[in-house]
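Colleague: How does the following fold in three dimensions:
(one chain, ligands or ions: 1)
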Amino acid sequence: MMENNFLFDSEGLSEEALKRKHKLENDPSCRTDHMKYMDDQEQIKSDILEKVMAEFDSYDYSAYTVLDVSRALQKNTIGVEEFKALLSPAAEPFLEQMAEKARIETRKHFGNTVYLFTPLYIANYCENYCVYCGFNCYNHIRRMKLSMEQIEHEMKVIADSGMEEILILTGESKIMSDVKYIGEACKLARKYFRMVGVEIYPVNVEDYKYLHECGVDYVTVFQETYDNVKYETLHLAGHKRVWPYRFEAQERALMGGMRGIAGSALLGLSDFRKDALATGLHMYYLQRKYPHAEISLSCPRLRPIVNNDKINHMDVGERQLCQVLCAYRLFLPFAGITVSSRETKSFRDGIVKIAATKISAGVSTGIGDHESKYTGKENTEEGDEQFEIADTRSFDTMYKDMSAEGLQPVLNDYLYV
Ligand code: SF4
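Modeller: Predicted coordinates:
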């Protein structure tokens, strides 16, 4: 177990760190250029960013009318214009029709299946300063990095529950959780699970290639917000501050040989309709350029976090979230849609029948606490949780609940031959 942290002394945040934090928050001129790649960040040739941002910048959702929405709903194929109409406020009164159309589309492509997976946080060290996140480098939380032995132990506990897919997560610290460490964890995961995903800091193509060789099937990266001006004010320091490098992460992952990618904005950080448009288009252009790739969308909304009263999440209610998910389904009929345990049981039970195809179960966002959560056995060495979850159902309960809803829970649909 390693001791936290670069910025803290026995009194808490060191005086020097405190000054630096204050400056970052109050003096934009001392912050680095968030559009400029750092020396170790690879720049790829791609026109996807340009295409997405041209639509993002010109999207005026208030210009869409009920007539536009009604026309969109009559179409068999939803194009970019129709997608924009379906995300607009004018579509809110049509929510039931959108849900019914989305339900038919989902069943057409996915039958009545719902995929189950669980996340495993292996470290919570982070070098970034994202003002809305409990793991940020200026937050005094219990930091932890699991040893390979501890990781294997956690994996065994999860695998024993019956789960076959795992998503490995770290905070974003290249120093404390380097690519080799993550790769070794993925090799272990391959022993216990049939599908392995990672949600880690964005890396270069060569590193994605290495992680794929270690057994990773897919990569999830959240853009947080596609509004790069807002992004600059929320990500004040660290590698993550570089907005275009993050944007291109999924494409680099595919160039590194990954089978699938997932992404999204964190809805509520900025204007959620524009962020939802950009998320859908980002995945749409990736799908067109890499037709073989398995593309998934997520739909996280801001949740309350520890030690941070700085940010008020903007209001994305369940109706709005449902509208966004139905619009995603109609625009990208084949894409997977994941709904995390940040959402409530009742919302998740409803949305898996309409648009979502994948949900997490047996979730803990803390470090090293699966054993205590799964078995009730006490563990005094646990790292803090990144955010609160709303749906705490175990794998077993989730499996039974999904079956009772008339759905077929699927643990894995891929065979290595
Ligand atoms: S959102 Fe991710 S990168 Fe930002 S502080 Fe939290 S863990 Fe670190």
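
Colleague: switch to C-alpha atoms for all contacts and neighbour counts from now on
Modeller: Fine.

Colleague: give the contact list for Met155.
Modeller: Listed by CA atoms under 8 Å, 6 or more residues apart in numbering, the contact partners of Met155 are Ala189, Tyr192.

Colleague: Any stretches of the stretch 301-417 of the chain with poor pLDDT?
Modeller: Along the stretch 301-417 of the chain, the model assigns pLDDT under 70 to residues 303-315, 371-388.

Colleague: Tell me where it has strands.
Modeller: 336-339, 358-360, 408-410 (DSSP state E, counting those that start in this stretch).

Colleague: Whatever residue of the chain ends up closest to the ligand - how many residues pack around it?
Modeller: Going by CA to the nearest ligand atom, the ligand is nearest to Asn136 of the chain, at 3.4 Å. Using other CA atoms under 10 Å, Asn136 has 24 neighbouring residues.

Colleague: okay but Asp411 is in contact with Glu164, surely?
Modeller: Slight slip there: residue 411 is Leu, not Asp. Yes. Using CA atoms under 8 Å, Leu411 is in contact with Glu164, at 5.5 Å.

Colleague: Could you dump the strands of the stretch 301-417 of the chain into JSON lines and include distance to Ser346?
Modeller: What follows is the strands of the stretch 301-417 of the chain, written out as JSON lines (distance: least, CA to CA, whole Å):
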{"stretch": "strand 336-339", "distance to Ser346": "12"}
{"stretch": "strand 358-360", "distance to Ser346": "13"}
{"stretch": "strand 408-410", "distance to Ser346": "17"}
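
Colleague: Out of those strands, flag the one nearest Lys145.
Modeller: When the strands of the stretch 301-417 of the chain are compared by CA to CA, strand 358-360 sits nearest Lys145, at 22.5 Å.

Colleague: Mind listing the strands the closest one pairs with, and their directions?
Modeller: As defined by DSSP bridges, the strand partners of strand 358-360 come to strand 113-123 (parallel), strand 336-339 (parallel).

Colleague: what does the average pLDDT come to for the longest one?
Modeller: The one in question is strand 113-123. Confidence over strand 113-123 (mean pLDDT, whole number) is 95.

Colleague: In contact with Ala159, which residues?
Modeller: By CA under 8 Å, 6+ apart, the contact list for Ala159 reads Tyr192, Phe193.

Colleague: from now on call the first residue 12
Modeller: Happy to do that; since the first residue is 12 now, the last one works out to Ala170.

Colleague: Of the strands paired with strand 369-371, which is nearest Val91?
Modeller: Among those, the nearest to Val91 by CA to CA is strand 347-350 (18.5 Å).

Colleague: Please compute how far the closest one lies from its chain's middle.
Modeller: Relative to its chain's centre, strand 347-350 lies at 10 Å (CA atoms, centre = their mean, to the nearest Å).

Colleague: what's the burial count for Gly379?
Modeller: The number of residues packed near Gly379 is 27, by other CA under 10 Å.

Colleague: wait, Arg153
Modeller: Arg153, neighbours per other CA under 10 Å, totals 18.

Colleague: is stretch 177-196 up against the ligand anywhere?
Modeller: Yes. With CA under 6 Å from any ligand atom as the criterion, the ligand is reached by stretch 177-196 at Gly182, Glu183.

Colleague: what about Glu160, how many neighbours?
Modeller: Glu160: 11 surrounding residues under other CA under 10 Å.

Colleague: rewinding a little: export the strands paired with strand 369-371 as TSV, with columns for mean neighbour count and distance to Lys185.
Modeller: Compiled in TSV, the strands paired with strand 369-371 are given as follows (neighbours: other CA atoms under 10 Å; distance: least, CA to CA, whole Å):
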stretch	mean neighbour count	distance to Lys185
strand 124-134	24	11
strand 347-350	24	27
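
Colleague: could I get these as a markdown table with distance to the ligand?
Modeller: As requested, the strands paired with strand 369-371 are exported to a markdown table (distance: least, CA to the nearest ligand atom, whole Å):
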| stretch | distance to the ligand |
| --- | --- |
| strand 124-134 | 10 |
| strand 347-350 | 18 |
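
Colleague: so which of these gets nearest Lys251?
Modeller: Taking CA to CA, strand 124-134 is the member of these nearest to Lys251, at 17.0 Å.

Colleague: backbone phi and psi for Gly23, please?
Modeller: Note on Gly23: its backbone torsions stand at phi 120, psi -140 [degrees, to the nearest 10].

Colleague: is it true that it touches His151?
Modeller: Yes. The pair Gly23 / His151 is scored as a contact, 7.1 Å apart, by CA under 8 Å.

Colleague: between these two, who's got more neighbours?
Modeller: Set Gly23 next to His151 and count neighbours by other CA under 10 Å: His151 wins out with 18 against 14.

Colleague: SS state for that one?
Modeller: Following DSSP: H, G, I helix; E, B strand; the rest coil, we place His151 in the coil state.

Colleague: In space, what's closest to Ala367 - neighbours in sequence excluded?
Modeller: Closest residue to Ala367 apart from its sequence neighbours, by CA to CA, 6 or more residues apart in numbering: Ile348 at 4.7 Å.

Colleague: quick one: contacts for the residue of the chain closest to the ligand?
Modeller: Going by CA under 8 Å, 6+ apart, Asn147 touches Cys137, Glu138, Asn139, Tyr140, Cys141.

Colleague: any idea how far the residue lying closest to Gln108 once chain neighbours are set aside is from Val91?
Modeller: Closest residue to Gln108 apart from its sequence neighbours, by CA to CA, 6+ apart: Leu84 at 7.9 Å. Distance, Leu84 to Val91, by CA to CA, to the nearest Å: 13 Å.

Colleague: Right, I'll leave it there.
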